[in-house]
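Q: just to be clear, the model below is a prediction. Sequence and coordinates:
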Amino acid sequence: MASVSSALPEGNKPALRRTQTEATSDSLPGTADASPFDSPLERSASNTSLSSLASDNVKTDKAEFGKLLDTYGNEFEVPDFTIKDIRDAIPAHCYERSALRSLAHVARDMIYLTVTFYVWHNYVTPEYIPIKAARVVLWGLYTFMQGLFGTGLWVLAHECGHQAFSPSRLINDTVGWVLHSALLVPYFSWKFSHSKHHKATGNIERDMVFVPRTREQFASRIGRLAHEISELTEETPIYTLIHLIGQQLIGWPNYLMTNVTGHNFHERQREGRGKGKTNGWFTGVNHFNPSSPIYEEREAPWIIVSDIGIALAITALVYLGKTFGWSNMFVWYFLPYLWVNHWLVAITYLQHTDPSLPHYTPDQWNFVRGAAATIDREFGFIGRHLLHGIIETHVLHHYVSTIPFYNADEASEAIKKVMGRHYRADVKDGPIGFIKSMWKAARWCQWVEPTEGAEGKGKGVLFYRNQNGLGVKPAKLPKTN
């Protein structure tokens, strides 16, 4: 693959590729996921008819867009392949799903959780470890380990939501509902909103998660005008740190309860369910309200089923708390639960937030472009074994979400030949690099705007910019009253 030019010093160039490969649109017809009784291949975003996803003329004319620069200063080109190209490149056996194999992974993760609890509960005690400080450290390790194992189960329930777990929708939704409910996740509610995310990834007005602020929104949030953004001084690192800590601690429950980071164009909901509703507390826009504009009317009964699962899980937790004590439950369940939330938010944030990634206005978005606006990363043994490869194969997942995780590596290698220069991966420094990327994304990726000097269609291709003097500077706009 040809190297990517950069306006940055050599040390700032990102690791954009996992392997060396050579490069060799319409929007989706609907936004609603299938009901739990539909065939798993009927309504998936990745399985809509190929003709509806392919453009008659996928070759893009650079002159129509002008010169586009990502945040690093690398010149960006809009993807020029089709979903049919992607699907045809993937070996047929990669699409095969096995309930037995997937259930074996559920059993494995449950064994990890059970054995870890048994060992700590019976042996990390004053009798065996008399030094209190040592016990505190070991129980801290317990919460971290259980958080990873719990995240592994979360990922398997995510497979269920995409019908990648098995060929049976009944098995998928039953296992997914049980696992996600145990982790206080409303399974069907999340499944439906997550489907909409896949069908609008990178669309600045329709995506459902980590939708970046536009320049105007960022300016309004800090009490400035859009033209003043290019004159701002650096954001203090302590502010960035506080924001990151808050995002990692409460980002997931906040998303479920207020739709924070999801789009806020609910007035456009086709059944009129979003009239007068906006994201926020007590506005009716959340993952627990059957009348939420996030959902269609036909999905409402399944939101109630999700709520029942959460209610049952809370009932069980209250019983266990009263029986064994809330201090025990805090260590046994709630601290690992916070770790699960942390990993979930970190993974999702870094899959969709990177200085190399674009976003699109609705008129320039299509499914192929949106799916390419994601990035693979590397988290070593933890990512590939404990978290079932969700970090390492996310680009493939956005093109064909029904491919099971155990076939995703092979399928990812296959689509790289099609994607060529459009494939994004940052694998520098492995797991340490993954953690460091959280800080980098927070500092580099504050809002999106068109490249300065973009022409025609290029004004609908948006890139991250920041006030911290990192990468390409924000465009200078004329003053407005």
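A: That came through fine.
Q: and the strands in the stretch 201-350 of the chain?
A: With DSSP state E, counting those that start in this stretch, there are no strands along the stretch 201-350 of the chain.
Q: where does the prediction get shaky in it?
A: Scanning the stretch 201-350 of the chain for pLDDT under 70 picks out 225, 227-233.
Q: mind doing that once more with 50?
A: In the predicted model of the stretch 201-350 of the chain, no residue satisfies pLDDT under 50.
Q: for the stretch 51-200 of the chain, same thing?
A: In the stretch 51-200 of the chain, residues with pLDDT under 50: 51-57.
Q: where along it do the strands fall?
A: Counting by DSSP E, counting those that start in this stretch, the strands of the stretch 51-200 of the chain are 68-69, 75-76.
Q: what comes into contact with the first one?
A: Same thing as strand 68-69. Outside strand 68-69, the residues that touch it by Cβ atoms under 8 Å, 6 or more residues apart in numbering are 7, 75-78, 358, 451, 454, 458, 461, 463, 472. Placement of C-beta: from N, CA and C, glycine included.
Q: mind listing what it pairs with, with the direction of each?
A: Here strand 68-69 is paired, per DSSP bridges, with strand 75-76 (antiparallel).
Q: for residue 113, which non-adjacent residue is spatially closest?
A: Distance criterion Cβ to Cβ, 6 or more residues apart in numbering; nearest residue to residue 113, sequence neighbours excluded, is residue 149 at 4.8 Å.
Q: sorry, back to before: any chance of the strands of the stretch 51-200 of the chain in CSV, plus mean neighbour count and distance to residue 195?
A: Converted to CSV, the strands of the stretch 51-200 of the chain look like this (neighbours: other Cβ atoms under 10 Å; distance: least, Cβ to Cβ, whole Å):
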stretch, mean neighbour count, distance to residue 195
strand 68-69, 20, 29
strand 75-76, 17, 28
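Q: quick check: which of those is nearest to residue 339?
A: Of all the strands of the stretch 51-200 of the chain, strand 75-76 sits nearest to residue 339, with 35.8 Å by Cβ to Cβ.
Q: now the strands of the stretch 51-200 of the chain in CSV, with distance to residue 306?
A: What follows is the strands of the stretch 51-200 of the chain, written out as CSV (distance: least, Cβ to Cβ, whole Å):
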stretch, distance to residue 306
strand 68-69, 41
strand 75-76, 39
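Q: out of those, which gets nearest to residue 184?
A: Nearest to residue 184 among the strands of the stretch 51-200 of the chain is strand 75-76; the distance by Cβ to Cβ comes to 39.4 Å.
Q: contacting residues around residue 340?
A: With Cβ under 8 Å, 6+ apart, residue 340 has these contacts: 147, 150-151, 154, 183.
Q: what is the nearest of the residues you listed to residue 445?
A: residue 151 (23.5 Å).
Q: from residue 183, how far off is that closest one?
A: 9 Å (Cβ to Cβ, to the nearest Å).
Q: more neighbours: the two, which one.
A: Using other Cβ atoms under 10 Å as the criterion, residue 151 and residue 183 rank with residue 151 on top: 26 against 20.
Q: which ones are touching the more buried one?
A: 339-340, 343-344, 386-387 are the contacts of residue 151 under Cβ under 8 Å, 6+ apart.
Q: are any of the residues you listed buried, and if so which?
A: Those of the contacts of residue 151 that meet the buried threshold are 339-340, 343-344, 386-387, by 16 or more other Cβ atoms under 10 Å.
Q: from those residues, which two are the most distant?
A: Distance extremes for the buried ones among the contacts of residue 151: the farthest pair is 344 and 386 at 13.5 Å, using Cβ to Cβ.
Q: name the residues of the longest helix seen in the chain that are buried.
A: The longest helix of the chain (DSSP state H) is helix 132-161. Neighbour-count burial for helix 132-161, counted by 16+ other Cβ under 10 Å, picks out 135, 142-143, 145-161.
Q: swap in stretch 408-426?
A: For stretch 408-426, by 16+ other Cβ under 10 Å, it's 408, 411-416, 418-426.
Q: and residue 186, backbone torsions?
A: phi -70, psi 100 (degrees, to the nearest 10).
Q: skipping adjacent residues, who's closest to residue 158 in space?
A: In space, residue 158 is closest to residue 390, 7.2 Å off (Cβ to Cβ, 6+ apart).
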